[in-house]
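**Student:** task: produce atomic coordinates for the following.
(chains A and B)
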Number of protein chains: 2
Amino acid sequence: MNILYVKPDEVGEKQIQVTSPEDIRHLSKVLRAKVGDKVPVSDGSEWEYVGRIEEISEDGIVLSIVDKQKHGRELSYHVELFQGVPKSPKLELIVRKSVELGASAITPVYMDRCVNKPSGREEKKLVRLQKIADEAVKQCLSPRTPIVHEYLTFNDALNIFSEFDFVIFPYENEENVTLKDFLLTEACREKKISGKIPRIAVLIGPEGGFSTDEVEKLESLGIRPVSLGKSILRTETAGPATLAMLMYAFEL
Amino acid sequence: MNILYVKPDEVGEKQIQVTSPEDIRHLSKVLRAKVGDKVPVSDGSEWEYVGRIEEISEDGIVLSIVDKQKHGRELSYHVELFQGVPKSPKLELIVRKSVELGASAITPVYMDRCVNKPSGREEKKLVRLQKIADEAVKQCLSPRTPIVHEYLTFNDALNIFSEFDFVIFPYENEENVTLKDFLLTEACREKKISGKIPRIAVLIGPEGGFSTDEVEKLESLGIRPVSLGKSILRTETAGPATLAMLMYAFEL
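**Tutor:** As a prediction, this is how the structure comes out:
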């Protein structure tokens, strides 16, 4: 059975009280749980439990805790997506899928070829996107609390990249170095040897792709493009696909 | 610049006449092409061209052929998705993303835990899904002509699996053998050695997952489950994610 993701304050010493209507619905309707079922539960930060369902109603679900242990489901890497602002409503889909596929944060970035320009409505959009991210992580059995960061300009994003161990920059004009080449031979080897969890940024262009100016700025920072293969992926596919590939490379 | 995907009958000896309104829009609006630009063109089956744009208008685009060669963009594997019928309209998203990520065919499969049951409206849905697949392949620089096959029952799908070299069966209860283990050690090694293009089926359960009965039937055919890692993926994410992982494994 899939995991149930609860808030830490719903967890007591011996019981877990599920009170959120969404969680109740998720458990009873989506996961089809019944009294007596054992359910893996995550508090989203530190602990994993196995709960046995004792009571189930529309108002709440009570589980007795039959096992409790430290969360073991962290990914062995930290990855954030920097996404060229796409036409709406693609960003919602991108946030949902990216969180499912391991992203700890998503930052929308205004780039030269974005059709959508800064509108002043970003604050409101962020609230909705954060809600989508919160919903998506429930599915994942993950201690991440995903964050949707404020919209950035491309130049501001460039300034942040130094905080990462490496930046993955899929570019359709790159024909030689693949993402696998990059991960196996270039950036990762050193980071893997160091034994730390690598901090990875994935940078995806908008529908029109990266401008020449943007590519030059990236290369001037030593950020080299990689190929994702022969298929040309849409902007809303490229980020989740890259994240799935990272999962394959690091986790499987 | 991304590829332009045209129909074989639009290609002449020396020129390519783009007449489809969608292609004209794609080239002029999405790809932002101008007279003099060189554009990679695929006829979707056999040939790749480089065309130089000579005329561009709302009624048509004329390209002179400056290079012509056999298509080199085939994937080194053939993969079809068998997707447990999800709640609508997820199947449209799944078809679109799966074609982008390399699927040659998608077959919706009615499984025990599908919420949607056979309705008699499948024929009409297939027309729409095929249109989505046709649109999606335009993005891909691929000689594939993706097919959306008729809805099958689970038992009918089982009968088809013998046509494939192997079946990838991601299952959230599998904790030991990952997709990578499977590809690196079990099924693939032999197929790779044979040098043929492997024919792969990917089988994804619906929202409720596979029933015990279905898992037993698969295992009785020697089809073993694999894990996609620590994340629990939604049904509409699992197929595209598996396809992205196959792309990483086989193509990069």
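
**Student:** how about the strands in the stretch 51-200 of chain A?
**Tutor:** Here the stretch 51-200 of chain A has its strands, by DSSP state E, counting those that start in this stretch, at A:61-70, A:78-84, A:103-110, A:147-148, A:152-153, A:166-170, A:199-204.

**Student:** please produce a markdown table containing the ones you listed, extended by distance to chain B, mean pLDDT and mean neighbour count.
**Tutor:** Bear in mind the C-beta positions are built from the backbone N, C-alpha and C, glycine included. Converted to a markdown table, these look like this (distance: least, C-beta to the nearest C-beta, whole Å; pLDDT from 0 to 100; neighbours: other C-beta atoms under 10 Å in any protein chain shown):
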| stretch | distance to chain B | mean pLDDT | mean neighbour count |
| --- | --- | --- | --- |
| strand A:61-70 | 14 | 82 | 16 |
| strand A:78-84 | 12 | 96 | 25 |
| strand A:103-110 | 11 | 96 | 24 |
| strand A:147-148 | 17 | 94 | 21 |
| strand A:152-153 | 21 | 96 | 15 |
| strand A:166-170 | 11 | 94 | 24 |
| strand A:199-204 | 13 | 96 | 24 |
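
**Student:** spell out which residues of the stretch 151-252 of chain A are next to chain B.
**Tutor:** Counting by C-beta under 8 Å from any C-beta of the partner chain, the stretch 151-252 of chain A comes close to chain B at A:172, A:178-181, A:207-209, A:227-234, A:237, A:240-242, A:244-245, A:247-249, A:251-252.

**Student:** which among the residues you listed count as buried?
**Tutor:** Buried members of those, scored by 16 or more other C-beta atoms under 10 Å in any protein chain shown, are A:172, A:178-180, A:207-209, A:227-234, A:237, A:240-242, A:244-245, A:247-249, A:251-252.

**Student:** where does pLDDT dip in chain A?
**Tutor:** For chain A, the stretches with pLDDT under 70 are A:1-3, A:44-46, A:70-73, A:141, A:186-195.

**Student:** give me the most central residue, it.
**Tutor:** Geometric centre of chain A, nearest residue: A:Ala103, 2.1 Å, by C-alpha atoms, centre = their mean.

**Student:** got the contact list for the closest residue in space to that residue that isn't next to it in sequence?
**Tutor:** What sits nearest to A:Ala103 in space, not counting adjacent residues and going by C-beta to C-beta, 6 or more residues apart in numbering or on different chains, is A:Leu81, at 4.8 Å. Contacts of A:Leu81 were listed using C-beta atoms under 8 Å, 6 or more residues apart in numbering or on different chains, and they are A:94, A:98, A:103, A:105-107, A:201-202, A:204, A:239, A:243.

**Student:** domains in chain A, by residue range?
**Tutor:** Domain segmentation of chain A under automatic domain parsing yields A:4-70, A:78-251.

**Student:** which one of the ones you listed lies nearest to B:Ile223?
**Tutor:** Nearest to B:Ile223, of all those, is domain A:78-251, at 20.4 Å by C-beta to C-beta.

**Student:** how far off centre is the closest one?
**Tutor:** 10 Å (C-alpha atoms, centre = their mean, to the nearest Å).

**Student:** can you get me the start-to-end distance on that domain?
**Tutor:** Chord length of domain A:78-251, first to last residue, is 12 Å (C-alpha to C-alpha, to the nearest Å).
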